[in-house]
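J.: With the input below, show me the fold.
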Amino acid sequence: MKSAKGQIERALDAADPGFRLYFLYGPDEAGAAALAKRLERAMGPQAERIDLDGATLRSDPARLADEAAAFSMFGDKRWIRLSAFGDEALPAIEALLETEQAGNPVVALGGALKNTSKLVKLALDHPAVLANACYLPDAQEAGRLATAIAQERGLRLSPDLGRRIAELAAGDRALIESEIEKIALYLDATPDHPAEATAEALNALSAEATDADPGPLVNAVIGGNIDQLLHELAMLDLRGASLASITRPLLARALQVATIRAEFERCGKLDMAMERAGKSVFWKEKPLIQAQVKRWNSQSIARAIERLALAERATRDSKNAGEVVVRQELLAVARQAARDR
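T.: Okay, the predicted model is just below:
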């Protein structure tokens with residue numbers, strides 16, 4: 001059944017036994033993962049977690065129901081997390097819902113599954129499933145999300161600073177959490193000893209600024225122009241600029257393309273989807289972005305966002321190792337776009 005507003009959070013926080021399966025899907029995979037964490041906290045630190053994927057369930061459709069009914073050999077609680085799957089997992093999930101006993105909760109991270117998917121239809125119709133579509137937050141929602149995450153970390157965050165952090169992270173929940181975690185550590189903030197987050201702290205920690213225009217590199221990656229990407233990387237090296245300066249603009253563009261693509265797939269009209277994006281699309285970039293939306297489907301751009309988020313996190317590693325990972329991820333995304341040309 002479809003989750004009502006706030007219902008999914010309450011159910012996961014209580015590990016509600018009324019639901020056999022929590023089905024989380026949609027383009028905001030970081031948001032879905034954060035929801036799954038709520039069940040993990042509800043089960044407790046001693047709980048045993050079983051990880052399954054689509055390939056496993058394809059070869060053994062009974063595995064999911066068996067794990068959901070099994071007891072921990074140490075008597076602890078146990079729960080199952082299902083990820084990296086598609087409609088090949090349908091027989092296993094049907095078996096789970098048909099079994100007489102399944103006391104261990106299952107959370108499924110379905111990624112950017114379409115509403116036409118048989119799995120999504122089953123999840124929305126079955127009373128023992130609580131389904132929640134996770135969409136990327138708009139600017140206002142992302143600002144409120146940043147404030148809520150900061151409060152959990154012991155940071156008092158003004159609305160303006162919350163919006164700024166959300167903009168820097170391009171609305172990506174994982175990156176918002178990362179920025180706030182850095183500020184909390186910088187200010188020694190904890191829930192027991194809260195602190196006021198300041199713009200000065202964010203400025204001291206942020207790698208947002210660079211004099212170079214990131215646009216050509218962004219369009220090279222998302223547009224699949226590998227020769228141009230290699231040229232732009234070489235120019236960054238000549239300027240001595242850090243790759244940390246371009247990961248956020250890249251994530252912002254990928255998230256923008258994902259949002260417009262999802263709307264395009266819903267309404268079937270690209271011009272309408274672009275129009276609904278409103279002022280988020282700069283008029284000079286409209287033809288480029290429109291071409292990029294055509295190139296990527298929802299599932300492939302979701303995977304690209306995962307890779308770009310990994311690249312952004314790699315910029316915080318030691319310089320040499322981090323830069324190597326970033327370059328690898330940028331090239332991987334560009335090659336995927338090139339294949340779809």
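
J.: For the stretch 101-250 of the chain, which residues score under the pLDDT cut-off?
T.: Judged by pLDDT under 70, the stretch 101-250 of the chain has its weakly predicted residues at 206-212, 238-240.

J.: where do the strands sit along it?
T.: Listed in chain order, the strands of the stretch 101-250 of the chain (DSSP state E, counting those that start in this stretch) span 106-111, 129-133, 155-156, 195-196.

J.: for A70, phi and psi?
T.: The phi and psi torsions at A70 (degrees, to the nearest 10) take the values phi -80, psi 160.

J.: one step back: pipe the strands of the stretch 101-250 of the chain into CSV and attach distance to G31 and mean neighbour count per row.
T.: Yep, even glycine has a C-beta here, placed from its N, CA and C like the rest. Formatted as CSV, these follow (distance: least, Cβ to Cβ, whole Å; neighbours: other Cβ atoms under 10 Å):
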stretch, distance to G31, mean neighbour count
strand 106-111, 11, 24
strand 129-133, 9, 22
strand 155-156, 20, 20
strand 195-196, 26, 14
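
J.: So which residues of the stretch 51-200 of the chain form helices?
T.: Counting by DSSP state H, counting those that start in this stretch, the stretch 51-200 of the chain has these helices, from start to end: 54-59, 63-69, 90-98, 118-125, 139-152, 159-168, 173-186, 199-205.

J.: Turn those into CSV, including distance to A258 and mean neighbour count.
T.: Shown next, in CSV, are the helices of the stretch 51-200 of the chain (distance: least, Cβ to Cβ, whole Å; neighbours: other Cβ under 10 Å):
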stretch, distance to A258, mean neighbour count
helix 54-59, 21, 15
helix 63-69, 29, 19
helix 90-98, 25, 19
helix 118-125, 18, 17
helix 139-152, 14, 18
helix 159-168, 16, 19
helix 173-186, 14, 20
helix 199-205, 26, 13
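
J.: between those, which gets nearest to K37?
T.: helix 173-186 (10.2 Å; Cβ to Cβ).

J.: Does anything pack onto that closest one? Which helices or strands?
T.: For helix 173-186, the elements it packs on are helix 29-43, helix 139-152, strand 155-156, helix 159-168, helix 199-205, helix 298-314, judged by 3 or more Cβ pairs under 8 Å, 6 or more residues apart in numbering; DSSP states H and E.

J.: Would you list the strands that the shortest one pairs with, along with their directions?
T.: Spelled out, it's strand 155-156. strand 195-196 (parallel) (DSSP bridges).

J.: circling back to that earlier point, any idea which of the strands of the stretch 101-250 of the chain gets closest to G278?
T.: Of all the strands of the stretch 101-250 of the chain, strand 129-133 sits nearest to G278, with 21.5 Å by Cβ to Cβ.

J.: thinking in terms of the whole chain, how far from its middle is the closest one?
T.: Centroid displacement of strand 129-133 relative to its chain, using Cα atoms, centre = their mean, to the nearest Å, is 17 Å.

J.: got the contact list for it?
T.: Strand 129-133 has contacts (Cβ atoms under 8 Å, 6 or more residues apart in numbering) with 1-3, 7-8, 11, 16, 19-26, 32, 35, 97, 120, 122-124.

J.: next one: stretch 296-310
T.: Identification of contacts with stretch 296-310 by Cβ under 8 Å, 6+ apart yields 27, 29-30, 111-112, 114, 172, 174-175, 222, 247, 250-251, 254-255, 257-258, 261-262, 265, 325, 329-330, 332-333, 336-337, 340.

J.: Which of those residues are buried, as a PyMOL select command?
T.: Only the buried entries of these go into this PyMOL selection, using 16 or more other Cβ atoms under 10 Å:
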select buried, resi 27+29+30+111+112+172+174+175+222+247+250+251+254+255+257+258+261+262+325+329+330+332+333+336+337
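
J.: Can you show me the helices along the stretch 201-341 of the chain?
T.: Assigned by DSSP H, counting those that start in this stretch, the helices in the stretch 201-341 of the chain fall at 215-223, 226-239, 244-267, 270-277, 286-295, 298-314, 319-339.

J.: So what touches the shortest one?
T.: To tie it back to what came earlier, the one meant is helix 270-277. Residues outside helix 270-277 that contact it (Cβ under 8 Å, 6+ apart): 256, 259-261, 263-264, 267, 281, 286, 289-290, 293-294.
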